[in-house]
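[1] Predicted structure and sequence below. I'll ask about it afterward.
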Amino acid sequence: MSCNGAAKDFQIDEQSQKISQFLQQVDHKIVVMSGKGGVGKSTVAANLAVFLSNQGYKVGLLDVDVHGPSIAGLFGLTGLKLDIMGKQIQPHVFAENLKIVSIQGLLDDPDSPLIWRGPVKIGIIRQFLSDVIWGPLDYLIIDSPPGTGDEPLTVAQTVTDCQAIIVTTPQEIALADVRKSIQFCEVVNLPILGIIENMRGFVCPTCGSTHAIFKSGGGEKTAADHNIPFLGYLPVDPSVVTAGDAGQTIDSLTSHTKEEMQHIVDQLIQKLTNKQKEVDDTMKMKIALPSRQNLIDNHFGHCEYFTVFTVDKNSKEIVGQETIESPVGCGCKSNIAQTLSEIGVKVMLAGNMGDGAVQVLNNSGIEVVRGCSGDIKTVALAWIAGSLVDSGDSCHEHEHGCHS
């Protein structure tokens, strides 16, 4: 390999490392997509960022729509050049919790087209992820161009743990393109957070009646057909157009549209919270120990109570502790097994126990380690460290024994 080739590979590796370091500081990465242009994707992305930042979240908004950037105009930043300091880029601080970078900031004339091929577009997106001084973020919102070209593909392949929101209008021609976007996400393993249906009905400012200019419900039906969450809808609202042209977001308006946008944001936060809880739960395990005065009770069927520890699989630490009263009729092994199984216990660290009791617990999905004695927390920590083995009626540490 030539020296130039080696240097180029080093630069790519260094950039990838910078991107990785930045993304580790971002809790949620969301790319806003659409199957076709003109559906209000950028307006939705802009207002998602604003509404989230207004709720106290630290948000970065990145516009990578190379051929039709709209974010700068929606925020009244048209003509504002990127603030480049050496090899780093300072994002525009729009509000206390909102930072913005738009590809339009590279243009000397906002009306000039960017005539770039794929490699150049890929390079600038990666640079915005590696060289912008974003700082830690709760949300990174990425406004991607319509379709399934270089930009969304680069985001999907570069931004780890990224998820997509797809914006559509109700008419069939837009929904057909949405279905292509859904298939794109499936092919590149990009999870879809949900679909938003924009321009769903026009609310007459005079009489208050709603007119389905572009039909209604198409986005919701498409979401249901593909088992994708439907986050909500936004109406056709002339005040949104006026606000956008004036460089204002809809959070400054008092309107039905603002209420619907808040509903969408609430739905988004709830889904992300639930998803994170599911991830956290899968990384935890509950272990039970028959106890008496904080010691292993050798009489499993007649113990004073059960101590249940919650263990984090990643950190190998005890992160929770609770006491479970012995079930009524504690001598009945099936009652014990059912009670512990219902609260999620997967392991029993016990003293002496017959094979029949072990089988009952195993049938309820509870692994048994027998022969343990002494302080319950010491025994639990020994099991977490992987130093306990079940030897029938006697449990030993590999080297020092588990009796205390």
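    It's in.
[2] Any idea how many residues pack against the nearest residue to residue 182 once chain neighbours are set aside?
    Using Cβ to Cβ, 6 or more residues apart in numbering and skipping residues adjacent in sequence, the residue nearest residue 182 is residue 226, 5.5 Å away. To be clear about C-beta, it is placed using only N, CA and C from the backbone, and glycine gets the same treatment. Close neighbours of residue 226, defined as other Cβ atoms under 10 Å, add up to 15.
[3] Quick one: distance of the strand or helix carrying residue 175 to the chain centre.
    Here residue 175, judged by DSSP states H and E, is contained in helix 172-187. Centroid separation between helix 172-187 and its chain, computed with Cα atoms, centre = their mean, to the nearest Å, is 22 Å.
[4] Start the count at 21 instead of 1 going forward.
    Sure, I'll start numbering at 21, so the last one becomes helix 192-207.
[5] for it, which positions count as buried?
    194, 195, 197, 198, 201, 202, 204, 205 (16 or more other Cβ atoms under 10 Å).
[6] Just give me the least confident of the residues you listed.
    Minimum pLDDT for these is recorded at residue 194 (72).
[7] does that one really touch residue 60, like I thought?
    No. Residue 194 lies out of contact with residue 60 (Cβ atoms under 8 Å); the separation is 10.5 Å.
[8] does residue 62 really touch residue 90, like I thought?
    Yes. Counting by Cβ under 8 Å, residue 90 is a contact partner of residue 62 at 3.8 Å.
[9] So if I had to pick from the two, which one is more boxed in?
    Remark: of residue 62 and residue 90, residue 62 carries more neighbours, 25 against 21, as counted by other Cβ under 10 Å.
[10] helices or strands next to the helix or strand where that one lies in the packing?
    Taking DSSP H and E as the definition, residue 62 sits inside helix 61-74. With contacts defined as 3 or more Cβ pairs under 8 Å, 6 or more residues apart in numbering; DSSP states H and E, helix 61-74 has these neighbours: strand 46-54, strand 79-83, helix 91-94, strand 118-122, strand 157-163, strand 182-188, helix 276-302.
[11] quick check: angle from it to strand 46-54?
    Helix 61-74 and strand 46-54 are oriented at 160 degrees to each other (axes from the mean of the first three to the mean of the last three Cα atoms, to 10 degrees).
[12] Give me the angle between helix 61-74 and helix 276-302.
    Using the same axes, to 10 degrees: helix 61-74 against helix 276-302 is 70 degrees.
[13] Restricting to C-alpha, output helix 61-74 in CSV.
    C-alpha atoms of helix 61-74 as CSV (Å, rounded to 0.1, in the frame of the first residue of the first chain):
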residue,chain,number,x,y,z
LYS,A,61,-40.9,16.2,6.5
SER,A,62,-38.6,19.1,7.4
THR,A,63,-41.4,21.0,9.2
VAL,A,64,-42.1,17.9,11.3
ALA,A,65,-38.3,17.4,12.0
ALA,A,66,-37.9,21.0,13.0
ASN,A,67,-40.9,21.0,15.4
LEU,A,68,-39.9,17.6,16.9
ALA,A,69,-36.6,19.2,17.8
VAL,A,70,-38.2,22.4,19.2
PHE,A,71,-40.9,20.6,21.2
LEU,A,72,-38.4,18.2,22.8
SER,A,73,-36.0,21.0,23.6
ASN,A,74,-38.9,23.0,25.2
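[14] So what angle separates the directions of that helix and strand 118-122?
    Using the same axes, to 10 degrees: helix 61-74 against strand 118-122 is 150 degrees.
[15] Flag every buried residue along helix 61-74.
    Buried residues in helix 61-74 (16+ other Cβ under 10 Å): 61-74.
[16] and the angle from it to strand 182-188?
    Using the same axes, to 10 degrees, helix 61-74 lies at 130 degrees relative to strand 182-188.
[17] Quick one: mean pLDDT over helix 61-74.
    94.
[18] I'm done for today, thanks for sticking with me.
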